[in-house]
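Asker: model the structure of this input:
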Amino acid sequence: MQIEPDLQLASNAVETRVLVVDDSPDARGFLTRALGAESMLVHEASSGNAALDALSFFAPDAVLLDVDMPGMDGFATCEALMDRHADLPVIFMTGLGDTGHIVRGFEVGACDYVTKPIAIAEVIARVRAHSSKARLARSAREALMRSETPMFAAGSDGRWLWSNAKATQLLTAQGWQTPAPGMALPPPLIDVMQTLKGTGQCEIDHLHLRRLTGETSEWTVVELGNPTATGTEPSPASAPSLTTREAEVMAWVARGKTNRDVAEILGMSPRTVNKHLEHIYEKLGVETRTAAVAAAQRQVRPVLEKDVQVFS
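Answerer: Numbers count the residues shown, from 1 in each chain. Have a look, this model is predicted:
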């Protein structure tokens, strides 16, 4: 049985899309040829404004961004990109030893940097690593947004982050207008969020709210429900039961972490993480990570062993 061709086809199934932003035609051409040789789809932009315009028709998995450009420099361009796509991996290209550029780049939202003169093997490795994590995080978020379970998220600073369609419908029915991302929480929810930090759940205006994230998280994901409704949620007795370790693994998978990341965070081997995921998939009746995240949000109740929750 010939397995290698099938594996090769699977590995190339997802084409990495890269936006290269540099005012130098030679630099853009060099990167475009090198990345193209690695089966990546590249779009070139000669300025910050051109990069922003490109987002209307090109959806990159990663951005390679030069720092020193006339007009809108790399820092201003990165901030504008982050305003539109907060989870877009931006990799700065800066001169060797420009520590100030490196620090400023991270401050405006970049996830990584490479130094000039460019080592193309390093660029390719960094683009692949960051774009893969970004796609995984997006798939998890899309699963949450499509979920039938009403959920919203808020930052620890009181800013609204997102809500899925079901949560928006419930909040609108309560007469609360859902803010735009980055705006302040609706007044009725400000005190509620503080209560959720401590107790994990509460009720307000006939809505039941349950915290799905840990107390120390930088953001809080909240599940909404109607305490008078019946038959819409599985009972705790019928819900799948994850062990404490499985719950911890699922929590980090839901945040978009790779198996290797989860292994490092929890102090176990990647092989052990794989085994835990196999058991989780079996319990939830799913076959993929994205489906597991969605199923866990719908079905699994917090596992309260040693203060560990399913989404902690």
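Asker: now do the end-to-end distance for stretch 210-225.
Answerer: Using Cα to Cα, to the nearest Å, the span of stretch 210-225 from its first residue to its last is 8 Å.
Asker: which helix or strand contains residue 42?
Answerer: Following DSSP states H and E, one finds residue 42 within strand 41-45.
Asker: list the buried residues in the helix or strand following that strand.
Answerer: Using DSSP H and E, the helix or strand that follows strand 41-45 in sequence is helix 48-54. For helix 48-54, the neighbour count (16 or more other Cβ atoms under 10 Å) marks 48, 50, 51, 52, 54 as buried. For glycine as for every other residue, the C-beta is placed from the backbone atoms N, C-alpha and C.
Asker: list of residues touching the strand holding residue 42?
Answerer: Contacting residues not belonging to strand 41-45 are listed as 15-22, 28, 31-32, 35-36, 51, 53-54, 58, 60 [Cβ atoms under 8 Å, 6 or more residues apart in numbering].
Asker: list buried residues within those residues.
Answerer: Buried among the contacts of strand 41-45 (16+ other Cβ under 10 Å): 16-22, 28, 31-32, 35, 51, 54, 60.
Asker: from the contacts of strand 41-45, which land in strands?
Answerer: Of the contacts of strand 41-45, the ones assigned to strands by DSSP state E are 17, 18, 19, 20, 21.
Asker: ok, so of the residues you listed, who is nearest residue 223?
Answerer: residue 17 (33.5 Å; Cβ to Cβ).
Asker: what's across from the closest one in the sheet?
Answerer: Counting by DSSP bridges, residue 17 is bridged to residue 41.
Asker: wait, it sits on residue 59?
Answerer: Yes: shown here, residue 17 and residue 59 form a contact pair, counting by Cβ atoms under 8 Å, at 6.5 Å.
Asker: can you give me the helices in the protein?
Answerer: 4-11, 25-36, 48-54, 74-84, 99-107, 120-146, 165-173, 187-199, 244-254, 259-266, 270-284, 289-299 (DSSP state H).
Asker: can you tell me the closest non-neighbouring residue to residue 177?
Answerer: Spatial nearest neighbour of residue 177, excluding adjacent residues (Cβ to Cβ, 6 or more residues apart in numbering): residue 186 at 7.0 Å.
Asker: contacting residues around residue 74?
Answerer: Listed by Cβ under 8 Å, 6+ apart, the contact partners of residue 74 are 21, 48, 65, 66, 67, 68, 92, 94, 105.
Asker: for those residues, pick the one with the most neighbours.
Answerer: The most crowded member of the contacts of residue 74, judged by other Cβ atoms under 10 Å, is residue 21 (29 neighbours).
Asker: what separates that one from residue 35, distance-wise?
Answerer: Distance from residue 21 to residue 35, counting by Cβ to Cβ, to the nearest Å: 13 Å.
Asker: swap in residue 194?
Answerer: 47 Å.
Asker: point out where the stretch 201-312 of the chain drops to low pLDDT.
Answerer: Counting by pLDDT under 70, the ranges of the stretch 201-312 of the chain that qualify are 226-241, 294-312.
Asker: quick check, central residue of this protein?
Answerer: Nearest to the mean C-alpha position of the chain, counting by Cα atoms, centre = their mean, stands residue 137 at 3.3 Å.
Asker: fine by me, we can end here.
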